[in-house]
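> structure here, sequence nowhere to be found:
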């Protein structure tokens, strides 16, 4: 068995547990996640620009949240990988997305609506702890983006079983989140 302090261990455990979930279970979790979000995040407090992500089969979907934010007239941006770095582009609806890099949906075509600063960013991860530490896929796209760009409130997003009470292994370049949101709970980082 691999040592539990190894980031790879947490990545593999998360993916293994997620793959057991049916599409129906994932969709139910995504709907519950939207309710946790709407109950926990005060959108009236200077939130105008939100970064979200287009999920894949190993992540919880934030599409219901993105649609709710768009309906409220907020700027909602999705990531695009360009020249080895992550950028975000605003969309008007989820129909503005098409399959892109890594088989993940991203804004279609060349869009002029690039966004660099956010009031709120929903960040996927393979594992989180209650201190806000995050283990991602391992490429460092979010850490590199956040090192260079401003985001007022960073919220990790995961299935509840991806949140650990024990401290995860972190490195100096890893950027923590202020809270972690799951289909069951909104954890404010200690």
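Now that the structure is in, tell me what you want to look at. Model, not experiment: these values are computed from the prediction.

> list the buried residues in the lengthiest helix in the chain.
Taking DSSP state H as the criterion, the chain has its longest helix at helix 23-40. Buried residues in helix 23-40, counting neighbours by 16 or more other C-beta atoms under 10 Å, are found at 26, 29-30, 32-34, 36-37. Every residue, glycine included, has its C-beta placed from N, CA and C.

> out of these, which comes closest to residue 130?
residue 36 (15.7 Å; C-beta to C-beta).

> on that earlier part again, just put the buried residues of helix 23-40 in CSV and tack on pLDDT and distance to residue 61.
Putting the buried residues of helix 23-40 into CSV (pLDDT from 0 to 100; distance: C-beta to C-beta, whole Å) gives the following:
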residue, pLDDT, distance to residue 61
26, 97, 7
29, 97, 8
30, 97, 4
32, 98, 11
33, 97, 8
34, 96, 9
36, 97, 13
37, 97, 12
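
> now do the helices in the protein.
7-20, 23-40, 63-71, 141-148.

> could you tell me the angle between the first one and helix 23-40?
Per axes from the mean of the first three to the mean of the last three C-alpha atoms, to 10 degrees, the angle that helix 7-20 makes with helix 23-40 is 110 degrees.
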